[in-house]
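Novice: Any chance you can model this:
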Amino acid sequence: MPTYRFKNHKTGEVWEELMMIAEMEEFRKQEHIELLPPTQMNIVSSVGTIDSKTDSGWKDNLQRIAAAHPDSPLAERYGSGETNARKKAKEIVKKHRARKL
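Specialist: I've put the predicted structure just below:
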């Protein structure tokens with residue numbers, strides 16, 4: 001439940017009240033009560049990337065997906081699971097195809 005700030009115009013009193021939205025709507029219908037803006041805003045932020053907050057099981061799962069799709073951006077990020085010999089062979093094939101064009 002949210003906390004609301006109210007001001008009583010008759011007494012000048014300012015206070016905070018914890019209540020549901022429907023209760024607040026009914027409460028502020030009184031003519032001498034005013035709803036005030038909150039004093040502080042709660043700002044939520046994160047530090048780091050999504051990878052820094054995931055466990056190794058999820059990273060393993062992403063590596064398996066990357067291995068199934070070796071030419072995808074996911075494979076570039078998490079590795080395709082290819083051996084070095086396979087990577088070298090792909091580079092050689094790519095180099096020879098470029099020469100033929």
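Novice: CA atoms for contacts and neighbours, from now on please.
Specialist: Fine.
Novice: Can you get me a residue count around Lys7?
Specialist: As a burial measure, Lys7 scores 17 neighbours (other C-alpha atoms under 10 Å).
Novice: Ok, the one 4 residues further on next?
Specialist: When neighbours are defined as other C-alpha under 10 Å, Thr11 has 8 of them.
Novice: In three-state terms, how would it be classified?
Specialist: In three-state terms, and counting by DSSP: H, G, I helix; E, B strand; the rest coil, Thr11 is coil.
Novice: Please name the residues that touch the residue nearest to Ile33 when sequence neighbours are not counted.
Specialist: Here the nearest residue to Ile33 in space, its sequence neighbours aside, is Asn8; by C-alpha to C-alpha, 6 or more residues apart in numbering that works out to 4.8 Å. Neighbour list for Asn8: Val14, His32, Ile33, Glu34 [criterion: C-alpha atoms under 8 Å, 6 or more residues apart in numbering].
Novice: In contact with the third one, which residues?
Specialist: Contacts were defined as C-alpha under 8 Å, 6+ apart; by that measure Ile33 touches Phe6, Lys7, Asn8, His9, Phe27.
Novice: ok, back up a step: buried ones among the contacts of Asn8?
Specialist: Using 16 or more other C-alpha atoms under 10 Å as the burial test, these include Ile33, Glu34 as buried.
Novice: Grab the two from the contacts of Asn8 that are most spread out in space.
Specialist: Val14 and His32 (12.0 Å; C-alpha to C-alpha).
Novice: got the CA coordinates for the longest helix along the chain in CSV?
Specialist: Ranked by number of residues, the top helix in the chain under DSSP state H is helix 84-100. Output in CSV follows, covering the C-alpha atoms of helix 84-100 (Å, rounded to 0.1, in the frame of the first residue of the first chain):
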residue,chain,number,x,y,z
ASN,A,84,39.9,-24.0,-32.4
ALA,A,85,40.5,-26.4,-35.4
ARG,A,86,36.9,-25.9,-36.6
LYS,A,87,37.2,-22.1,-36.2
LYS,A,88,40.5,-22.1,-38.3
ALA,A,89,38.9,-24.2,-41.0
LYS,A,90,36.0,-21.8,-41.2
GLU,A,91,38.4,-18.9,-41.5
ILE,A,92,40.3,-20.6,-44.3
VAL,A,93,37.0,-21.4,-46.2
LYS,A,94,35.8,-17.8,-45.8
LYS,A,95,39.2,-16.5,-47.1
HIS,A,96,39.1,-18.7,-50.2
ARG,A,97,35.5,-17.8,-51.0
ALA,A,98,36.5,-14.1,-50.8
ARG,A,99,39.3,-14.7,-53.3
LYS,A,100,36.9,-16.3,-55.8
